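In: Below: sequence and its predicted model.
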Amino acid sequence: MRARPLPVASNASCRSEGDSLLLAGVLDRAAVTTLWPQLARGLGHVRQLDLQAVERVDSAGLALLAELAARLRAQGGGGIVGTPAGLDELSAAYRLSPSLDFNASSAGS
C-alpha cells in the first residue's frame, strides 16, 4: 500500500501508512486549523496514532489528538504510539487517560 501524504500545516504533517496515522512536527493551533479539514473527512482504515515524530503539542493539538483517538476507538482502534513534549502535562491538566479519553474518575479529585 502506498503512503498518502496530507497537507502540511506550519511544520506539521500527517500521512497514513498501513493502519497508522503518522503525525510529525509541532501540533499547535496553526497546524490544527490546516490539518483538521482533511482529517475530519474520515480516517478510513487507520487504527492507531503514531506520534513519534511529533515535536510538541499545545492545547489545540491535544484537542485534535483526543478527537482523533475517540474516532479511532469508535472504529475499534485507538492505540497511540509516542509521547511528544507537552502531551503528558496537558493530558493530566484536562484529566485525559493515556488513550486520550476523558477520565471521569479523576474529575472530582
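Out: On my side now, so go ahead.
In: Return the helix or strand in this protein with minimum mean pLDDT.
Out: One helix or strand of the chain scores below all others by mean pLDDT, DSSP states H and E: strand 4-5, with a mean of 52.
In: next structured bit after it?
Out: Sequence-wise, the next helix or strand downstream of strand 4-5 (DSSP states H and E) is strand 13-17.
In: Would you give the sheet partners of that following strand, along with the direction of each?
Out: In the sheet, strand 13-17 lines up against strand 4-5 (antiparallel), strand 20-27 (antiparallel) (DSSP bridges).
In: who wins for proximity to E55 among those?
Out: In this view, the strands paired with strand 13-17 are compared for proximity to E55 by Cβ to Cβ, and strand 20-27 is the closest at 5.2 Å. The C-beta positions use only the backbone N, C-alpha and C, and glycine is treated the same way.
In: can you list the residues that contact that closest one?
Out: By Cβ atoms under 8 Å, 6 or more residues apart in numbering, the residues outside strand 20-27 that reach it are 8, 10-16, 31, 43, 46-58, 60-62, 64-65, 68, 81, 84.
In: hmm, which of these are the buried ones?
Out: In these, burial by neighbour count holds for 10, 12-14, 16, 31, 43, 46-51, 54, 57-58, 60-62, 64-65, 68, 84, counting by 16 or more other Cβ atoms under 10 Å.
In: So which of the residues you listed sit within strands?
Out: Among those, the members falling in strands (DSSP state E) are 13-14, 16, 48-51, 54, 57.
In: Check these and tell me the two furthest apart.
Out: S16 and V57 (19.6 Å).
In: Stretch 16-34: how far from the chain's middle?
Out: 7 Å (Cα atoms, centre = their mean, to the nearest Å).
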